[in-house]
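S.K.: Return a 3D structure for these sequence lines:
(one chain, ligands or ions: 1)
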Amino acid sequence: MQTIWLASKSPRRAELLQGMGVPFEVLQFTDAAGAQYEVDESVHPGEPPRDYVRRVALDKALHALSYMRDRQLVARPLLSADTTVALGDRILGKPADAAEAREMLGALSGQVHEVLTAVVVIDGHDIRQMLSVSRVHFMPLSVETIDRYIASGEPFDKAGAYGIQGHAGTFVADMQGSFTGIMGLPVHETACLLEHCGYRF
Ligand SMILES: Cc1cn([C@H]2C[C@H](O)[C@@H](COP(=O)(O)OP(=O)(O)OP(=O)(O)O)O2)c(=O)[nH]c1=O
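M.R.: Numbers count the residues shown, from 1 in each chain. Got it, this is the predicted structure:
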């Protein structure tokens with residue numbers, strides 16, 4: 001199998017791709033190169049969550065592609081993704097600090113939300129995208145539970161201030177959709193996209 005570029009610094013995405021048996025190399029286009037390759041992750045006024053997550057995933061892929069070409073790196077299929085939590089029309093990204101994490105977890109407490117992960121694969125001139133949508137129902141969370149969870153440090157690099165694969169799995173009363181999508185890389189959709197590049201699963 002041909003090695004692909006994984007345009008993501010997320011350790012969960014690398015882990016999930018490894019589990020699929022896809023050989024990959026991480027393309028660190030954001031840290032290394034400065035403003036030229038920076039992705040606009042701000043939410044545009046009135047932008048619906050599904051449009052937002054698709055735009056950001058595509059932007060990551062296009063910036064990574066420019067980086068790959070500018071640095072004359074070996075041309076390979078390239079994969080990027082973006083995950084966001086949507087509570088109604090409200091988009092919850094990564095919390096900047098404990099106060100924001102507390103506010104987000106308080107808003108998710110006892111409610112149903114959606115976790116959206118868009119995946120993009122670019123192979124030569126071919127650009128394909130899929131969107132994974134999951135519904136997650138949180139049990140009501142007490143202030144003490146939220147504070148203990150924040151003190152664990154787990155919320156900080158994660159959309160919606162939680163990781164279903166960690167302690168926050170205990171908050172999930174019910175869920176429909178893709179567990180791996182919630183973690184950041186829906187493996188079924190990813191396999192469908194990579195099959196167009198000749199991979200077989
Ligand atoms: C909801 C949820 C999110 N997450 C993570 C997945 C993503 O890594 C992160 C959302 O941030 P993203 O902006 O999608 O990704 P990232 O910044 O970590 O990595 P990159 O842009 O380089 O690809 O939240 C979990 O790990 N578990 C969960 O249950």
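
S.K.: And the helices in the chain?
M.R.: 11-20, 29-33, 49-70, 98-108, 143-151, 179-183, 187-195 (DSSP state H).

S.K.: wait, which of those is closest to Val85?
M.R.: Among those, the nearest to Val85 by C-beta to C-beta is helix 98-108 (7.6 Å). Where C-beta positions appear, they are placed from N, C-alpha and C, glycine not excepted.

S.K.: Average pLDDT for stretch 149-169, rounded please.
M.R.: Average pLDDT, stretch 149-169: 97.

S.K.: residues in contact with the residue nearest the centre of the chain?
M.R.: Closest to where the C-alpha atoms of the chain average out (C-alpha atoms, centre = their mean) is Thr83, at 2.9 Å. By C-beta atoms under 8 Å, 6 or more residues apart in numbering, the contact set of Thr83 is Val53, Val115, Leu116, Thr117, Ala159, Gly181, Ile182, Gly184.

S.K.: Go ahead and confirm the fourth one touches Met130.
M.R.: No - counting by C-beta atoms under 8 Å, Thr117 does not reach Met130; the two are 9.1 Å apart.

S.K.: who touches both of those two?
M.R.: In contact with both Thr117 and Met130: Pro186, using C-beta under 8 Å, 6+ apart.

S.K.: the more surrounded of these two?
M.R.: For the pair Thr117 and Met130, the greater number of neighbours falls to Thr117 (28 against 19), based on other C-beta atoms under 10 Å.

S.K.: Show the pLDDT at the more buried one.
M.R.: Looking at Thr117, its pLDDT stands at 98.

S.K.: And Met1, by the same measure?
M.R.: Met1 carries a pLDDT score of 82 in this model.

S.K.: do you know how far it is from the ligand?
M.R.: Computed as C-beta to the nearest ligand atom, to the nearest Å, the Met1 to the ligand distance reads 22 Å.

S.K.: what's the closest non-adjacent residue to that residue?
M.R.: Excluding the flanking residues, the one nearest Met1 by C-beta to C-beta, 6 or more residues apart in numbering is Pro23, at 5.7 Å.

S.K.: which residues touch the one you found?
M.R.: Met1, Gln2, Thr3, Ile4.

S.K.: Gly19 and Val187: what is the separation?
M.R.: Distance of Gly19 to Val187, given as C-beta to C-beta, to the nearest Å: 7 Å.

S.K.: Which one of these two is surrounded by more residues?
M.R.: Per other C-beta under 10 Å, whichever of Gly19 and Val187 has more neighbours is Val187, with 20 against 11.

S.K.: Surely that one is in contact with Leu16?
M.R.: Yes - using C-beta under 8 Å, Val187 is in contact with Leu16, at 5.8 Å.

S.K.: Which neighbours do these two have in common?
M.R.: What both Val187 and Leu16 touch, as defined by C-beta under 8 Å, 6+ apart, is the set Thr180.
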